[in-house]
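Visitor: Predicted model, plus sequence, below.
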Amino acid sequence: MASRIRSIRILPALCLLLAGGATAKQIRVTVSGFSFSPANVTINAGDHVVWVWNGGTHNVVSGDGSTSLPDGVFISGAPGGAPLTFSWKSGGVATQPYYCELHAPGMVGTINVVASGATGLSDFRITEVQYNAAGNLDLIEITNLGSAGNLGRYRLVVSGFATQILQVTAGSPDIAVAAGGQVVIHCNTTGTNTTTNLFLSAITDLPANGSIGLYVPNTASPSLALPSQIIDFVQWGAGGQANEATAVTANLWATSAAVATVAGGSSIEYCAQPGQYGAAYWHSNPTPNFGTGENCLVPTFSTTWGRIKTLYR
């Protein structure tokens, strides 16, 4: 009987653990010279293609490059050069051709959108936040839960502060992040930026009730109200913070949900599997561990199972 009781009580925890299913992964295409690189990519429905201009004057137009006929699915705007960026979130399964209107038919690409199983995509997520550090030296961690990727030119939106473009140096397009790698953002201080540590002195103090949104690069459509452009979100202290509505529409958060306030010196930490979003997957960490890779990034089944056995043995 005791064994049966354990099983009944375990099931709700496992259902919570395995819930999820949202997708917001990304693949990056470099726009440079007279080509898109890579020219042919495969993504899952709901994932993003991120184009970043490294050189030349180009644009990105959906449609048949052999005839230069647009199909109206997306356009990055008039041809231009770096530091332009553009991102498109895919919908249903399809094969989507595109081209540069100045250089087609020589400069074309194809996006293959499949139902699931696409590989080689990055998956950038906010994984730890400390908003009450001594001296207001608050910290934000972004982790790549997918394949090796590039965080350069992504947008970090912190409540009360202007949008921060993530870059090592002004105009730099690249922040290479390995699979499982972290980038730690240091607030209210200066330092030498690297691909693992960025210093954003303009963020002077994360508020006690605040939010952070992570957006794909897009100078063509920079509105923060576009649910197709936000890829992660967290808010703490109280609901209704900046960009909550956008995150809710994008199925990344629930209305009015917030991570509970934590003690001074503690952080809040994401602890779930890739594809899971929301306040339920964040917890208090009394010993912040930014940049160490110990953020519950692998499935938490063993930890959760151990806690349940301790409670119900």
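Guide: Done, it's in. Numbers count the residues shown, from 1 in each chain.
Visitor: Pull out the buried residues from stretch 172-186.
Guide: Of the residues in stretch 172-186, those buried by neighbour count under the rule 16 or more other C-beta atoms under 10 Å are 173-175, 177, 181-186. (Each C-beta comes from the backbone N, C-alpha and C, glycine too.)
Visitor: residue ranges of the helices in the stretch 151-300 of the chain, please?
Guide: With DSSP state H, counting those that start in this stretch applied, the stretch 151-300 of the chain shows helices at 244-249, listed in chain order.
Visitor: Got the domain ranges for this protein?
Guide: When the chain is parsed with automatic domain parsing, its domains come out as 26-114, 124-296.
Visitor: thinking again about what came up before, just checking, which of the buried residues of stretch 172-186 belong to strands?
Guide: Taking DSSP state E, the ones among the buried residues of stretch 172-186 that sit in strands are 177, 182-186.
Visitor: Now render the buried residues of stretch 172-186 as JSON lines, adding pLDDT.
Guide: Formatted as JSON lines, the entries for these read as follows, by pLDDT from 0 to 100:
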{"residue": "P173", "pLDDT": "95"}
{"residue": "D174", "pLDDT": "97"}
{"residue": "I175", "pLDDT": "98"}
{"residue": "V177", "pLDDT": "98"}
{"residue": "G181", "pLDDT": "96"}
{"residue": "Q182", "pLDDT": "96"}
{"residue": "V183", "pLDDT": "98"}
{"residue": "V184", "pLDDT": "98"}
{"residue": "I185", "pLDDT": "98"}
{"residue": "H186", "pLDDT": "98"}
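Visitor: out of the ones in strands among the buried residues of stretch 172-186, who's nearest T23?
Guide: For T23, the closest of these turns out to be V177, at 18.9 Å, with distances computed as C-beta to C-beta.
Visitor: give the contact list for that closest one.
Guide: Residues in contact with V177 (C-beta atoms under 8 Å, 6 or more residues apart in numbering) are 122, 124, 144, 148-151, 183, 195.
Visitor: next one: L151
Guide: For L151, the contacting residues are 122, 124, 142, 144, 166, 175, 177, 183, taking C-beta under 8 Å, 6+ apart as the criterion.
Visitor: do T42 as well
Guide: T42 is in contact with 111-114, 118-120, counting by C-beta under 8 Å, 6+ apart.
Visitor: Identify the bridge partners of it.
Guide: For T42, the residues forming beta bridges with it (DSSP bridges) are N112.
Visitor: Tell me how far it lies from G149.
Guide: For T42, the distance to G149 under the criterion C-beta to C-beta, to the nearest Å works out to 15 Å.
Visitor: And for V113?
Guide: When V113 is compared with G149 (using C-beta to C-beta), they lie 19 Å apart.
Visitor: And for T195?
Guide: With distances defined as C-beta to C-beta, the gap from T195 to G149 amounts to 12 Å.
Visitor: Tell me which of V113 and G149 has more neighbours.
Guide: G149 (25 against 20; other C-beta atoms under 10 Å).
Visitor: Could you double-check that that one lies in contact with R28?
Guide: Yes - the pair G149 and R28 qualifies as a contact (C-beta atoms under 8 Å) at a distance of 6.5 Å.
Visitor: what touches both of the two?
Guide: Joint contacts of G149 and R28 (C-beta under 8 Å, 6+ apart) are S122.
Visitor: Relative to V61, which of the buried residues of stretch 172-186 is nearest.
Guide: Distances from the buried residues of stretch 172-186 to V61 were compared by C-beta to C-beta; the smallest belongs to P173, at 21.1 Å.
Visitor: residues contacting that closest one?
Guide: When the contact criterion is C-beta under 8 Å, 6+ apart, the partners of P173 are 52-54, 82-83, 150, 152-153, 167.
Visitor: As a check, name the ranges of all strands in the stretch 1-150 of the chain.
Guide: 26-32, 35-37, 40-44, 48-53, 61-64, 69-75, 85-89, 94-99, 108-114, 124-130, 139-144, 149-150 (DSSP state E, counting those that start in this stretch).
Visitor: Ok, which of the ones you listed comes nearest A247?
Guide: Each of those was checked against A247 via C-beta to C-beta, and the shortest separation belongs to strand 124-130, namely 11.1 Å.
Visitor: Neighbouring strands - and their directions - for the closest one?
Guide: For strand 124-130, the paired strands and their directions (DSSP bridges) read strand 139-144 (antiparallel), strand 267-270 (antiparallel).
Visitor: Could you pull out the buried residues of stretch 256-276?
Guide: Judged by neighbour count (16+ other C-beta under 10 Å), stretch 256-276 contains these buried residues: 258-259, 262, 266-274, 276.
Visitor: still on that earlier bit, shared neighbours, T195 and G149?
Guide: Common contacts of T195 and G149 (C-beta under 8 Å, 6+ apart): 176-177.
Visitor: coming back round to it: just name the closest of the ones in strands among the buried residues of stretch 172-186 to G237, please.
Guide: Ranking these by separation from G237, with C-beta to C-beta as the measure, puts I185 on top at 19.2 Å.
Visitor: Before I go, just wanted to say thanks for your time.
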